[in-house]
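Q: please find the sequence and the predicted model below.
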Number of protein chains: 6
Amino acid sequence: MDRLDAVVVPGRYQPLHEGHLHVFKYALGVAKRIYIVVGSAQESFTLKNPLTAGERIVMLETALDEVMGRGWERRIRVYPVMDINMNKVWVRYLQQLLPPFQGVVSGNELVLALFEDEGMEAIRPPLYRRGECSGTLIRRRILEGDPEWRRCVPEVVANYLDSIGFTHRLVRLARHE
Amino acid sequence: MDRLDAVVVPGRYQPLHEGHLHVFKYALGVAKRIYIVVGSAQESFTLKNPLTAGERIVMLETALDEVMGRGWERRIRVYPVMDINMNKVWVRYLQQLLPPFQGVVSGNELVLALFEDEGMEAIRPPLYRRGECSGTLIRRRILEGDPEWRRCVPEVVANYLDSIGFTHRLVRLARHE
Amino acid sequence: MDRLDAVVVPGRYQPLHEGHLHVFKYALGVAKRIYIVVGSAQESFTLKNPLTAGERIVMLETALDEVMGRGWERRIRVYPVMDINMNKVWVRYLQQLLPPFQGVVSGNELVLALFEDEGMEAIRPPLYRRGECSGTLIRRRILEGDPEWRRCVPEVVANYLDSIGFTHRLVRLARHE
Amino acid sequence: MDRLDAVVVPGRYQPLHEGHLHVFKYALGVAKRIYIVVGSAQESFTLKNPLTAGERIVMLETALDEVMGRGWERRIRVYPVMDINMNKVWVRYLQQLLPPFQGVVSGNELVLALFEDEGMEAIRPPLYRRGECSGTLIRRRILEGDPEWRRCVPEVVANYLDSIGFTHRLVRLARHE
Amino acid sequence: MDRLDAVVVPGRYQPLHEGHLHVFKYALGVAKRIYIVVGSAQESFTLKNPLTAGERIVMLETALDEVMGRGWERRIRVYPVMDINMNKVWVRYLQQLLPPFQGVVSGNELVLALFEDEGMEAIRPPLYRRGECSGTLIRRRILEGDPEWRRCVPEVVANYLDSIGFTHRLVRLARHE
Amino acid sequence: MDRLDAVVVPGRYQPLHEGHLHVFKYALGVAKRIYIVVGSAQESFTLKNPLTAGERIVMLETALDEVMGRGWERRIRVYPVMDINMNKVWVRYLQQLLPPFQGVVSGNELVLALFEDEGMEAIRPPLYRRGECSGTLIRRRILEGDPEWRRCVPEVVANYLDSIGFTHRLVRLARHE
């Protein structure tokens, strides 16, 4: 397969972890440009979606600065996208909001199914420490006071999360739900 | 006033014209980073909003490549934002979706009023060929077959609009409405 | 062109008139099945959209009984569809809600443009007494007390509209707006 | 007709004027309790709807304190209600949100039609200086710098509007639209 | 009770099974016409709602052709209806979208409660192999690879589901959720 | 801390219980006026939200008449507010709909976090028989036929709930979900 012009890489990034960064790197091998879609952008201050889209963009840019080095902005874009809650029209909805893309890179079965259903490229990246690092696992470890979660995220991300009181926010939301 | 960290520059960019580019340049003098908000991102294929948000982002990036030169991505971001239709909460809605900003650069009275109402910086850029170049005027001229509109947009924008059949689209939509 | 399996025929039908019936007949020559889409189904009790979707379906079925004769239900379906207010995703939205179709039959430029944009059949029916019979014209004539509007609709439709007090409703709404 | 238990009195109150106060007084003769519905509650900072729902509630309560005297709260409630944009279900939507009511007092033809359509009391109050005092007229006069508008509103309302810079807001919004 | 003119028969039909067909037959004994409401029409590609409304309509029509025989279209209509998420207004919302009906036939307690609350006919059909055949059970059996689910649906429905890769879709969605 | 001018007291009140009344009394010590926000006002006829907003307002007013005595309307307002489903903008959304307030009184961690995030007063009331009386517990006891729930609500509230058939409604909804 020739390199595609552009692919989307959707996720909730609650928070960003090493697994996501491996997907970004893999996607950069697949396409000339990647559009990171910060999904469920309307959500925040819930246990499942504690960070706002704005906070997630800051976290992503901070990590990309660190990991990808200067010039990543030439090939990577980060876009907040709110849910539409109609799976069948979701891909067209993305096409309405973003520059043209030819496919998706994702480990999410629903995302892959929806892109296949549209006849677009649906590319599954190789697994990376799955089961060790996931948003759910990280949030749970933070709630349990287990510092192991820091090994799943770049140091600059951990620092950013500390700076906005992420642990405190999660603990409060856990008491709520 | 010290330079701000970031400002938003909202617009519909239907289409992008020289006036917008002057606002971008002015805003880059006011803040270290500017977030161009492609507003009414859910709209397209109407006389007032003929282009999709995705097409508007392509047009903006093409023009920024041409006008700003290499490296503009370090200081400029382009974000599609759908309408929320509640003016009083609109600024908070932007804050939810975008990285932190301290104010707005805009000639739009409503936008200025809403940012002032929030106690944020509301900066009016100097006028630039107002009355000559506006989205409304450009769309009208295209419909009237008056090629003068091309003098209001960078050549790369005119070329992009030609490549997607913008004139044809406008003419059809005019027949509809 | 071979006959298509199915086409949609979208409209607001405020109210149904002879022009619509000619489009239905033309569409039945183009495709084996036609799906009449009663659009803006959420609207009613406005000057532009006085009838509810439910009333419009009754009116359509009454006219089809009269004009098409027994058995029209084998080949025609009538579906209420609410607006989605995102033109670029509208065709996919219809595909989500309705059985498969390959194109559209419509004189509406926006509708034709959106189906072409999706690479689907966009078929313009021959003109029929255009300028004489349109929803707008009929509603205006009713408001002016001009009985000529009755020549634009099948008698059963006029009777139905009389039975639900359509003239009275229009007059009230005109006083409102 | 026996006095009803409760009626709604819907309006946009942009701004409140003497005509509204006469409707309230009339409604208090018709029903034991009246529920003032501050409609289009999601709207603000537009030429047609400059005030937020919160501001309109303050204005209403200020005027009621002045005009109705102590104890009006026993018989009057003021509720913000957002638009639902489906006329046919609007009355049921009100019934969902508010305590039970048996009808409406309104000079608005659409409102009267919708309540009649539900088989409820639809009561038209006697006319009061119509043509002299209306929200539209007041907003226009303010924009034209014509102080006559002050004769249409209680002095406490004029004072409140002055205190929040209403004239300035209107002028800005007029420049925008 | 005399036969009603029309009743609605709401359901999600994920997928259609023999229990639904018995309800349809029972409803045809209760009313001259039945309006099958394909509910949650905006949903698809989830474990609970795997099929689009369009697919569900095809499945329903295929089964009705088989089970009801020629001419069922005279007495049965199938309408996609999106959720409104306001239970108290749901019946009025249906009345807005569909031709007139006098009641509902359903085994769903919420549906029955909402129609009773409106003072309409709320008719519970006799139980039919409940516990053996339900959408939930069928989806679970398919996921467990248990072919017993085929005994709950007409053969033409099983064939249709096979033709669109229903099992594959469900398995993917199960891996996702 | 000086007494505030006004605070909001948000809740779902499904149903109102003694704990809520203690919060109201506490809030009246904190601020001159309290705005009781009947949240999730669009919800009803679900196990978690059985009552409509209108019913909840009646229940609240009935209890306030009983518990607070004559004149409570001078200092207390009750407002129905629908969900906006964007936590980060929720406080601004309340500010749009209600008269000015300076803070919140609530035991809900999410509510407290959102007000703190806005730099407003976020006041936690002292605990009151927590674990004994909560909406969830009351609804569960009613479903289990345990009359102990009546000790958690004022007698007038129990009477109101009986008068609208609350137990019957809950039982039906439990059978549904």
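A: Perfect, I can see it now. Numbers count the residues shown, from 1 in each chain, chains lettered A, B, ... in the order given.

Q: show me where chain A has its strands.
A: A:4-11, A:31-38, A:76-80, A:103-105, A:121-123 (DSSP state E).

Q: dump the ones you listed into a markdown table; add mean neighbour count, mean pLDDT and distance to C:Arg139 as well.
A: C-beta here means a position set from N, CA and C on the backbone, and glycine is covered the same way. Converted to a markdown table, the strands of chain A look like this (neighbours: other Cβ atoms under 10 Å in any protein chain shown; pLDDT from 0 to 100; distance: least, Cβ to Cβ, whole Å):
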| stretch | mean neighbour count | mean pLDDT | distance to C:Arg139 |
| --- | --- | --- | --- |
| strand A:4-11 | 22 | 98 | 45 |
| strand A:31-38 | 22 | 98 | 44 |
| strand A:76-80 | 22 | 98 | 43 |
| strand A:103-105 | 24 | 98 | 47 |
| strand A:121-123 | 19 | 98 | 49 |
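
Q: mind showing which ranges of chain A have poor pLDDT?
A: The model of chain A has pLDDT under 70 over residues A:1, A:129-130.

Q: which non-adjacent residue is nearest A:Phe115?
A: Sequence neighbours aside, A:Ala122 is the residue nearest to A:Phe115 in space, at 4.0 Å (criterion: Cβ to Cβ, 6 or more residues apart in numbering or on different chains).

Q: I'd like the strands of chain A laid out as a markdown table, including distance to F:His20.
A: What follows is the strands of chain A, written out as a markdown table (distance: least, Cβ to Cβ, whole Å):
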| stretch | distance to F:His20 |
| --- | --- |
| strand A:4-11 | 40 |
| strand A:31-38 | 38 |
| strand A:76-80 | 37 |
| strand A:103-105 | 48 |
| strand A:121-123 | 51 |
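
Q: nearest to F:Glu66, out of those?
A: strand A:76-80 (48.7 Å; Cβ to Cβ).

Q: quick one: contacts for the closest residue to A:Thr46 other than its chain neighbours?
A: Using Cβ to Cβ, 6+ apart and skipping the chain neighbours, the partner closest in space to A:Thr46 is A:Leu173 (6.4 Å). Listed by Cβ atoms under 8 Å, 6 or more residues apart in numbering or on different chains, the contact set of A:Leu173 reads A:45-47, A:50, F:109-110, F:113.

Q: buried among the residues you listed? Need that as a selection in ChimeraX.
A: This is how ChimeraX selects the buried members of the contacts of A:Leu173, with burial counted by 16 or more other Cβ atoms under 10 Å in any protein chain shown:
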select /A:45,47,50 /F:109,110,113
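
Q: near chain E, which residues of chain A?
A: A:85-88, A:108-110, A:112-114, A:117 (Cβ under 8 Å from any Cβ of the partner chain).

Q: near the residue in chain A positioned nearest to chain D, how many residues? Count them for me, please.
A: Using Cβ to the nearest Cβ, the single residue of chain A nearest to chain D is A:Gln42, 16.1 Å away. Residues lying near A:Gln42 (other Cβ atoms under 10 Å in any protein chain shown) number 23.

Q: and the gap between A:Leu110 and chain C?
A: According to Cβ to the nearest Cβ, to the nearest Å, A:Leu110 and chain C sit 15 Å apart.

Q: which residues sit in contact with the nearest residue to that residue once chain neighbours are set aside?
A: Nearest in space to A:Leu110, with sequence neighbours left out and distances taken as Cβ to Cβ, 6+ apart, is E:His176 at 4.5 Å. The contact partners of E:His176, taken as Cβ under 8 Å, 6+ apart, are A:108-110, A:113, E:47.

Q: picking that back up, which of the strands of chain A sits closest to F:Ile164?
A: When those are compared by Cβ to Cβ, strand A:76-80 sits nearest F:Ile164, at 43.7 Å.

Q: pull the longest helix from chain A.
A: helix A:53-68 (DSSP state H).

Q: who does that one touch, helix- and strand-wise?
A: Judged by 3 or more Cβ pairs under 8 Å, 6 or more residues apart in numbering or on different chains; DSSP states H and E, helix A:53-68 is in contact with helix A:18-30, strand A:31-38, strand A:76-80, helix A:155-163, helix B:90-97.

Q: can you do 10 Å?
A: helix A:18-30, strand A:31-38, strand A:76-80, helix A:155-163, strand B:76-80, helix B:90-97 (3 or more Cβ pairs under 10 Å, 6 or more residues apart in numbering or on different chains; DSSP states H and E).

Q: buried residues of that helix, list them for me.
A: Those buried within helix A:53-68 under the rule 16+ other Cβ under 10 Å are A:53-64, A:68.

Q: same question, stretch A:77-91
A: Quick answer for stretch A:77-91 (16+ other Cβ under 10 Å): A:77-82, A:84, A:86-91.

Q: how about stretch A:148-166?
A: For stretch A:148-166, burial by neighbour count (16+ other Cβ under 10 Å) applies to A:149-150, A:152-154, A:157-158, A:160-161, A:166.

Q: from the chain's centroid, how far away is that stretch?
A: Mean-position distance between stretch A:148-166 and its chain equals 15 Å (Cα atoms, centre = their mean, to the nearest Å).
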